[in-house]
Each structure stands twice: as structure tokens, then as C-alpha cells.
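S.K.: The following comprises the amino acid sequence and a computationally predicted model.
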Amino acid sequence: MILNQFLGKLLPTIISPSLINGVVLMNYTKTLLGTLGYIICLSTVVYVGSLGILTFAS
């Protein structure tokens with residue numbers, strides 16, 4: 001019974017910071033993936049565009 005009370009007090013203090021860290025990490029990962037996706041998309045457009053120009057020029 002004492003163990004249960006101890007765990008009851010201990011678990012929230014362990015879970016809360018890790019939960020907050022998890023959310024921060026998720027947001028960070030989402031931002032990072034968004035930026036990466038944007039860069040990849042942009043470079044793909046530039047690559048295809050330059051290919052099209054080269055093909056059109058020749």
C-alpha cells in the first residue's frame with residue numbers, strides 16, 4: 001500500500017517532464033520535417049525547371 005502511494009507520487013513527476021519533452025520534440029520534428037520538405041520541394045522544382053530549360057534550349 002505504501003508502495004502504491006509512493007508510485008502514485010513518483011509516476012506523475014516522471015511522466016510530466018517526459019510528456020512535455022515529447023511534445024516539444026514532436027513540434028521540433030514537425031518543424032524540421034516541414035523545413036526539409038520545403039527545401040526538397042524547392043530543389044526539385046529548380047532541378048526540373050533547369051532540366052526543362054536545358055531540354056528546350058537544345
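M.R.: Noted; the coordinates are in hand.
S.K.: For the chain, give me the ranges with low pLDDT.
M.R.: Applying pLDDT under 70 to the chain flags residues 1, 14-15.
S.K.: What ranges does it have for its helices?
M.R.: Ranges of helices in the chain, per DSSP state H, are 2-57.
S.K.: and the gap between the residue nearest the centre of it and residue 38?
M.R.: The chain has residue 29 as the residue nearest its centroid, 1.5 Å off, counting by CA atoms, centre = their mean. Per CB to CB, to the nearest Å, residue 29 is found 15 Å from residue 38. C-betas here are computed from N, CA, C, even on glycine.
S.K.: Just the buried residues of stretch 25-35, please?
M.R.: Residues of stretch 25-35 classed as buried: none (neighbour count, 16 or more other CB atoms under 10 Å).
S.K.: can you list contacts of that stretch?
M.R.: Residues outside stretch 25-35 that contact it (CB atoms under 8 Å, 6 or more residues apart in numbering): none.
S.K.: Please save the CA atoms from that stretch in CSV.
M.R.: In CSV, the C-alpha atoms belonging to stretch 25-35 read as follows (Å, rounded to 0.1, in the frame of the first residue of the first chain):
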residue,chain,number,x,y,z
LEU,A,25,10.3,17.0,-29.6
MET,A,26,7.2,16.4,-31.8
ASN,A,27,6.8,20.1,-32.6
TYR,A,28,10.6,20.3,-33.3
THR,A,29,10.5,17.2,-35.5
LYS,A,30,7.4,18.6,-37.3
THR,A,31,9.1,21.9,-38.0
LEU,A,32,12.3,20.2,-39.1
LEU,A,33,10.4,17.9,-41.5
GLY,A,34,8.4,20.8,-42.8
THR,A,35,11.6,22.7,-43.5
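S.K.: Any idea how far that stretch is from the middle of the chain?
M.R.: Taking CA atoms, centre = their mean, to the nearest Å, one finds stretch 25-35 lying 3 Å from the centre of the chain it belongs to.
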